[in-house]
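Asks: give me the fold of what follows.
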Amino acid sequence: QVQLVESGPGLVQPGGSLSLSCAASKSGSSFFLLGWYRQAPGQERELVAHIRSTGSAIYADSAKGRFTISRDNAKNTVSLQMNSLRPEDTAVYYCYVCDWGGHDYWGQGTQVTVSS
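Replies: Okay, here's the model as predicted:
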């Protein structure tokens with residue numbers, strides 16, 4: 001079993017920045033995929049970004065050019081730097097990892113609110 005603990009919550013004005021981090025109870029090298037999803041009220045959970053063991057990352061179109069995902073295997077963390085935030089980025093953000101056995105684990109979620 002893997003426990004994931006996310007930072008937050010966060011409240012930021014439009015155009016501002018916020019960094020999320022997620023700490024795993026196991027070594028980061030245990031996971032071939034780490035990522036962030038989000039879910040806004042009344043909407044389905046959607047991928048924001050994920051990063052593979054190789055370091056290659058994939059971003060949702062809405063996140064490209066604004067968000068940066070990174071992983072630190074030594075610290076067992078995955079982070080999401082979010083810049084130029086918009087009100088439509090308001091959602092609960094979930095940390096996600098998948099281990100080499102194909103098992104998925106989710107964090108409890110952290111609220112991000114972008115509002116003036």
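Asks: just want the most central residue of the chain.
Replies: Closest to where the C-alpha atoms of the chain average out (CA atoms, centre = their mean) is residue 36, at 2.7 Å.
Asks: element containing that one, please.
Replies: Using DSSP states H and E, the element containing residue 36 is strand 31-39.
Asks: I'd like the next helix or strand past that strand.
Replies: The element immediately downstream of strand 31-39 (helix or strand, assigned by DSSP H and E) is strand 46-52.
Asks: ok, that next one: who's next to it in the sheet?
Replies: strand 31-39 (antiparallel), strand 57-59 (antiparallel) (DSSP bridges).
Asks: contacting residues for residue 53?
Replies: 29, 31-33 (CB atoms under 8 Å, 6 or more residues apart in numbering). (C-beta placed from N, C-alpha, C; glycine too.)
Asks: CA atoms of stretch 55-74 as PDB?
Replies: C-alpha atoms of stretch 55-74 as PDB (Å, rounded to 0.1, in the frame of the first residue of the first chain):
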ATOM      1  CA  GLY A  55      11.400  11.900 -17.200                       C
ATOM      2  CA  SER A  56       9.200  12.500 -20.200                       C
ATOM      3  CA  ALA A  57       6.100  14.400 -19.400                       C
ATOM      4  CA  ILE A  58       2.700  14.700 -21.000                       C
ATOM      5  CA  TYR A  59       0.400  17.700 -20.500                       C
ATOM      6  CA  ALA A  60      -3.300  18.300 -21.100                       C
ATOM      7  CA  ASP A  61      -3.800  21.000 -23.700                       C
ATOM      8  CA  SER A  62      -5.100  23.300 -21.000                       C
ATOM      9  CA  ALA A  63      -1.900  23.000 -19.000                       C
ATOM     10  CA  LYS A  64       0.700  23.300 -21.800                       C
ATOM     11  CA  GLY A  65       2.900  26.300 -21.500                       C
ATOM     12  CA  ARG A  66       1.600  27.100 -18.000                       C
ATOM     13  CA  PHE A  67       2.200  24.100 -15.800                       C
ATOM     14  CA  THR A  68       5.300  22.100 -15.200                       C
ATOM     15  CA  ILE A  69       5.400  18.700 -13.600                       C
ATOM     16  CA  SER A  70       8.600  17.300 -12.000                       C
ATOM     17  CA  ARG A  71       9.600  14.300  -9.900                       C
ATOM     18  CA  ASP A  72      12.300  13.900  -7.300                       C
ATOM     19  CA  ASN A  73      12.900  10.200  -6.700                       C
ATOM     20  CA  ALA A  74      15.300  10.900  -3.800                       C
END
